[in-house]
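> sharing a model that was predicted from the sequence below.
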Amino acid sequence: MLEAMFAIRNQWDKWVEHRAMDEGTSEAKKLQVLRGIFYTYHVEYKEPVIFDKSRGWLAHLELAEYVLGEKAKVLVPVRDVRDILASFESLWRETSDKRQLEIESANYFRMQTVAGRCEMWSREDQPVGLAYNRVKDALQRGFRDRMHFVPYERFTRNPERVMKDIYNFLGEEYYPHDFNNVEQVIWEDDRAHGMKLHNIRPKIEPQESRWPQILGDEVGRKYAGLELW
């Protein structure tokens with residue numbers, strides 16, 4: 001959905017028929033189209049609350065609030081950056097015996113070491129670096145009150161308390177959840193990401209930090225203390 005709205009925002013003023021309109025009419029119609037996309041994209045779902053999981057919204061909160069006509073609310077799952085990188089490294093190791101990722105093809109020699117792979121994933125145009133920079137920039141733009149951080153470590157230790165905090169942030173009434181029986185009901189084609197991603201665990205419980213074994217101390221020190229939340 002965000003990609004479609006982003007494309008409309010970027011291209012609207014370039015089309016001749018829109019440039020020929022008076023500015024007020026053109027802007028009104030642009031907003032009408034953007035709202036049409038926003039409110040009909042998930043029309044098949046009958047639930048009163050729908051979560052759009054695009055990771056790009058933090059970079060476009062101004063657009064979201066322009067369309068919504070009110071303040072946005074964004075849940076921001078976060079984790080020790082070192083464990084995030086360790087997760088990517090684990091996925092790379094599970095995939096590398098079968099295929100070469102696009103990022104490896106374009107940066108073959110840099111991707112030859114753990115340190116090099118972490119450096120690549122942390123670049124501003126790659127998953128970890130891009131997500132981190134979006135969080136940092138949204139905070140710098142003054143959107144802290146629109147963001148609710150959900151630390152992985154705290155969530156796995158006390159899921160009920162964290163879920164209650166989420167409901168409170170969203171202004172929704174809390175109801176009990178079974179944290180020992182989490183069912184994965186949505187499946188995506190991981191080929192879009194270039195490698196198979198982790199499955200959801202059926203039970204929410206603390207997980208031992210894996211970065212010391214996977215990344216090593218030297219790489220770990222480089223990415224220590226980066227958490228902004």
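Thanks, I have it.
> list the buried residues in the longest helix along the chain.
With secondary structure taken from DSSP state H, the chain has its longest helix at helix 23-40. Judged by neighbour count (16 or more other CB atoms under 10 Å), helix 23-40 contains these buried residues: S26, K30, V33, L34, F38. For the C-beta atoms, the positions are set from N, CA and C on the backbone; glycine is no exception.
> which positions in the helix or strand just after that helix come out as buried?
Counting by DSSP states H and E, the element after helix 23-40 in chain order, helix or strand, is helix 61-68. For helix 61-68, the neighbour count (16+ other CB under 10 Å) marks L61, L63, A64, V67 as buried.
> for the protein, what helix or strand is lowest in average pLDDT?
Least confident helix or strand, the chain: helix 16-19 with a mean of 75, by mean pLDDT, DSSP states H and E.
> now for the longest helix of the chain, which elements pack on it?
Helices and strands touching helix 23-40, by 3 or more CB pairs under 8 Å, 6 or more residues apart in numbering; DSSP states H and E, are helix 2-11, helix 16-19, helix 61-68.
> got the angle for it vs helix 61-68?
Interaxial angle, helix 23-40 versus helix 61-68 (axes from the mean of the first three to the mean of the last three CA atoms, to 10 degrees): 90 degrees.
> on that earlier part again, now distance to F143 too, for the buried residues of helix 61-68, in CSV please.
Shown next, in CSV, are the buried residues of helix 61-68 (distance: CB to CB, whole Å):
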residue, distance to F143
L61, 5
L63, 12
A64, 10
V67, 16
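> so which of those is the closest to D165?
Minimum distance to D165 across the buried residues of helix 61-68 is 20.7 Å, recorded for L61 (CB to CB).
> now do the contacts for the closest one.
Contact analysis of L61 by CB atoms under 8 Å, 6 or more residues apart in numbering lists A72, V74, A138, R141, F143, R146.
> just the buried ones from these, in PyMOL syntax?
Restricted to buried positions by 16+ other CB under 10 Å, the PyMOL selection for those reads:
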select buried, resi 72+74+138+143+146
